[in-house]
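Colleague: from the sequence below, what's the structure:
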Amino acid sequence: MKLIFLFMITGQIFGQVSDDQLAGSWMGALEVGSSRLRLVFNISITDDASFIATLDSPDQGAKDIPLGDVIRSGDSLRIEAPLIAGYFVGKISSDTTMEGQWNQAGRSFDLNLKKHTGEFVLNRPQEPQPPFPYREEEVSFENSEQGFLLAGTLTLPEGRGPFPAVILVSGSGSQNRDEEIFGHKPFKLIADQLTRNGIAVLRYDDRGVGSSGGSIFGSTTADNALDALSAIKYLYSRDDINRAKTGIIGHSEGGMIAFMLASEHRDVAFIISLAGPGVDGKAILLDQSEYIGRLSGVEAYILKDNRVVMNKVYELMIDNPSYKVWKEKVLDFTGAYSRDEIKQGKNALLNSIPESSYAWMRYFVMFDPTHCFGSITCPVLALNGEKDCQVLAERNIPAILEGLNAAGNNKVTALVLPGLNHLFQKCETGLPAEYGVIEETFDPETLDIISDWILKLVKE
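Modeller: Next up, the predicted model:
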């Protein structure tokens, strides 16, 4: 049950803006590094002149987060957000504008708000809407090795089958079965596209998310691969699924998992890597940081220093399974660095890699997909957006193609898709700040490439 906090505010009028005019939805955007996150403060007044306040973060799929004290003094406003250890302070400029800052985890960000007319709703025109010309079945299956259930949605074409099938494996972080991010539901769209074309699709909530059991704390990509293997085995157990024509579609880290499973299990019929890595994790992260920084206008000397520092941070991570030891060595290294910005930024660096995600990060930094390529014999489709800032196409697509071909696999199609970002949206720069602003969820032409490739394969 959600907690609602009521706060008594007098009905006086300060300047030209009354309490009644303050009530409503106020929206602003945080610029955090290369990301842009919109926040919506919903303020309403009850009959007894008290405020009810909640917070939405539409780009993160969060809604109705209860807020704490709402304190008004003249034209100043302070809104506490204890559940997320943050608060907003602002100056009421007019009945439609506020200028202020958002404070969280010891950091402050400019956050100017404008009053929104009506409820703010993200426009996602591609999101599939019922009725659907296929069946949807809520399913669960067990990760028997670690002893918990995963839950998902299986979409089945009309007819009796057995159908060709795929599982969808999400990227890094905690994702629901739709891989929902910034209000987009790309896996729901991919499932709709494929099932309309006669292909069954299983998508599932990541461990510890939604209706799935398990926990993300201390887990690594290897654990996530066990979850994906459990999904594959579940499909194999069904009479309406054609086991010989069942494959994996993985996005980002999910592409990494697709390579892992295809190298270990020859009964995987095919794999599709959507922005999956072709080089080791350390190189992925270093390239990502430098590329995003360059596009964001960071000076070259800062980028050069940052690469040196982060390379050392990752080397220390590889050498130290213990988070405590790694943290101590990072503090020693950054404390001795000559540039003040490095010393001052060490806490932000450590906060970005908490102990709860250290095992995952260390595994990712150490992972090299080229070790998988020699054992992959099934057909592979590898796609990357030309403007992908997180997994650079110019480095990873050639590595995937060359690695698989060198191992004797000539059933590989590798494409760099013009104008698309890491989420396969048409974009301007490819920076993550655009993800939530873009209304397109997934490029339609890329959807056709995926479904056409699978259909041609399963008909052979």
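
Colleague: from here on, contacts and neighbour counts on C-alpha atoms
Modeller: Noted.

Colleague: so Val89 makes contact with Ser108?
Modeller: No: using C-alpha atoms under 8 Å as the test, Val89 is too far from Ser108 to be in contact (10.2 Å).

Colleague: and the closest residue to Glu31 other than its chain neighbours, backbone torsions?
Modeller: Excluding its sequence neighbours, the residue lying closest to Glu31 (C-alpha to C-alpha, 6 or more residues apart in numbering) is Leu37, at 6.7 Å. Geometry field for Leu37 lists phi and psi as phi -120, psi 120, criterion degrees, to the nearest 10.

Colleague: beta partners for Leu37?
Modeller: With DSSP bridges applied, Leu37 shows beta-bridge pairing to Leu30.

Colleague: pretty sure it contacts Ser57?
Modeller: Yes: applying C-alpha under 8 Å, one finds Leu37 in contact with Ser57, separated by 7.3 Å.

Colleague: any idea how many residues pack against Asn42?
Modeller: Burial of Asn42, expressed as a neighbour count using other C-alpha atoms under 10 Å, amounts to 25.

Colleague: show me what the helix or strand where it lies is packed against.
Modeller: Following DSSP states H and E, the helix or strand that holds Asn42 is strand 35-45. Contacts defined by 3 or more C-alpha pairs under 8 Å, 6 or more residues apart in numbering; DSSP states H and E place strand 35-45 against helix 19-22, strand 24-32, strand 50-57.

Colleague: distance to Ala85 and mean pLDDT added to the ones you listed, as TSV?
Modeller: Formatted as TSV, the entries for the helices and strands packed on strand 35-45 read as follows, by distance: least, C-alpha to C-alpha, whole Å; pLDDT from 0 to 100:
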stretch	distance to Ala85	mean pLDDT
helix 19-22	24	82
strand 24-32	16	87
strand 50-57	13	82
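
Colleague: and those, which is most packed in?
Modeller: Ranked by average neighbour count under the criterion mean count of other C-alpha atoms under 10 Å, the helices and strands packed on strand 35-45 are headed by strand 50-57 at a mean of 21.

Colleague: if you count neighbours, what's buried in stretch 158-174?
Modeller: Within stretch 158-174, the residues that qualify as buried by neighbour count (16 or more other C-alpha atoms under 10 Å) are 162-172, 174.

Colleague: what of stretch 200-220?
Modeller: For stretch 200-220, using 16+ other C-alpha under 10 Å, the buried residues are 200-214, 216, 219-220.

Colleague: looking at the residues you listed, which are in strands?
Modeller: For the buried residues of stretch 200-220, the ones inside strands are 200-204, with DSSP state E as the criterion.

Colleague: of those residues, closest to Met98?
Modeller: Comparing those against Met98 with C-alpha to C-alpha picks out Tyr204 as the nearest, at 41.1 Å.

Colleague: related to what we said a few turns ago, look up how far Gly100 lies from the residue nearest to Glu31.
Modeller: Per C-alpha to C-alpha, to the nearest Å, Leu37 is found 15 Å from Gly100.

Colleague: all strands of the stretch 201-350 of the chain, in order?
Modeller: For the stretch 201-350 of the chain, applying DSSP state E, counting those that start in this stretch gives strands covering 241-251, 271-274.

Colleague: tabulate the ones you listed in TSV, adding columns for mean pLDDT.
Modeller: Converted to TSV, the strands of the stretch 201-350 of the chain look like this (pLDDT from 0 to 100):
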stretch	mean pLDDT
strand 241-251	98
strand 271-274	98
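
Colleague: so can I have TSV of those showing distance to Tyr314?
Modeller: Shown next, in TSV, are the strands of the stretch 201-350 of the chain (distance: least, C-alpha to C-alpha, whole Å):
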stretch	distance to Tyr314
strand 241-251	23
strand 271-274	25
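
Colleague: tell me which of these sits most buried.
Modeller: The highest mean neighbour count among the strands of the stretch 201-350 of the chain belongs to strand 271-274 (a mean of 28), with neighbours defined as mean count of other C-alpha under 10 Å.

Colleague: name every strand pairing with that strand and say which way it goes.
Modeller: Counting by DSSP bridges, strand 271-274 is paired with strand 241-251 (parallel), strand 380-385 (parallel).

Colleague: ok, residues contacting that strand?
Modeller: Residues outside strand 271-274 that contact it (C-alpha atoms under 8 Å, 6 or more residues apart in numbering): 247-252, 254-256, 258-259, 262, 378-384.

Colleague: can you count the residues close to the nearest residue to Ala406 once chain neighbours are set aside?
Modeller: Nearest in space to Ala406, with sequence neighbours left out and distances taken as C-alpha to C-alpha, 6+ apart, is Gly374 at 8.0 Å. A count of neighbours around Gly374, defined by other C-alpha under 10 Å, yields 16.

Colleague: quick one: Asp59 from Glu290, how far?
Modeller: Taken as C-alpha to C-alpha, the spacing of Asp59 relative to Glu290 amounts to 24 Å.
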